[in-house]
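Undergrad: Compute the structure for the input listed below.
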Amino acid sequence: MWLLPRLRLAFARRPWSYWFLVAVAAAVTWWRIAALHDDAQHRRDAWGTAVTVWVVRDDTADGAPLRAERRSLPTAAVPSEALRDLADDAVAARDLVAGEVVVPADVVGDRTTPEGWVVVSVEARAPQLVAGDAVTVFEGGRVLCDGTASGGGVDGAVELAVPAPCAATLSAAAPAGDIVVGRRA
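TA: Below is the predicted model:
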């Protein structure tokens, strides 16, 4: 404890030394904060440019109105199929968690079916599908076409969104009952 009385005496004899010590401490603190800020800025710049996409605001159940907000996220953190536009009356196609980036498979409705495609319902052997799953349709051991699951059908039927030419082929192959639907990974 003999150091504290000596410091007090030194500061009493030379008051400028106290203020010098305070200035040095403030300068070191400022320098450290500036270095941390620059480091954070460099890390943010390393992610690339920001993209504005729709992100789920609250946990949303399957079939509930989708509550989402627009956020700017780094390009590296955004899936390529992220939605840039979203209708006000959008409905969730599956359970969504807050903070999840909205993609076409997350939204129910016509927006999940590409323009010029047709949604058909077929009796088929198929894995459990979620709207938006990429699928390949087979008949008799050959590939008919690629498409997207549009939803569950009734009594074992599956709803598929496929290109219009494939819909005609699919409707011709459907009566044979030899259709198999595979989910692509």
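Undergrad: for residue 26, helix, strand, or coil?
TA: Taken by DSSP: H, G, I helix; E, B strand; the rest coil, the conformation at residue 26 corresponds to helix.
Undergrad: Can you tell me the number of residues neighbouring it?
TA: 10 (other CB atoms under 10 Å). C-betas here are computed from N, CA, C, even on glycine.
Undergrad: Just give the number of residues close to the residue lying closest to residue 171 once chain neighbours are set aside.
TA: Leaving aside its sequence neighbours, residue 171 sits nearest to residue 120 (CB to CB, 6 or more residues apart in numbering; 6.9 Å). When neighbours are defined as other CB under 10 Å, residue 120 has 21 of them.
Undergrad: Residue 120 belongs to a strand, doesn't it?
TA: Yes. According to three-state DSSP, the state of residue 120 is that of a strand.
Undergrad: can you pull the buried residues of the host helix or strand of residue 158?
TA: In this structure, residue 158 sits in strand 157-163 according to DSSP states H and E. For strand 157-163, a neighbour-count test (16 or more other CB atoms under 10 Å) marks 158, 159, 160, 161, 162 as buried.
Undergrad: Can you list the strands that that strand pairs with?
TA: strand 117-123 (antiparallel), strand 142-152 (antiparallel) (DSSP bridges).
Undergrad: any idea which helix or strand comes after it?
TA: On the C-terminal side of strand 157-163, the closest following helix or strand by DSSP H and E is helix 164-173.
Undergrad: Give me the packing partners of that next one, helices and strands only.
TA: Applying 3 or more CB pairs under 8 Å, 6 or more residues apart in numbering; DSSP states H and E, one finds that helix 164-173 contacts strand 117-123, strand 134-139, strand 142-152.
Undergrad: As a check, name the ranges of all helices in the chain.
TA: For the chain, helices defined by DSSP state H occupy the ranges 3-13, 15-46, 164-173.
Undergrad: looking at these, which is buried most?
TA: With neighbours taken as mean count of other CB atoms under 10 Å, the helices of the chain reach their highest mean count in helix 164-173, at a mean of 15.
Undergrad: ok, residues contacting it?
TA: 116-118, 120, 122, 137, 139-140, 144-145, 147, 160, 162, 179 (CB atoms under 8 Å, 6 or more residues apart in numbering).
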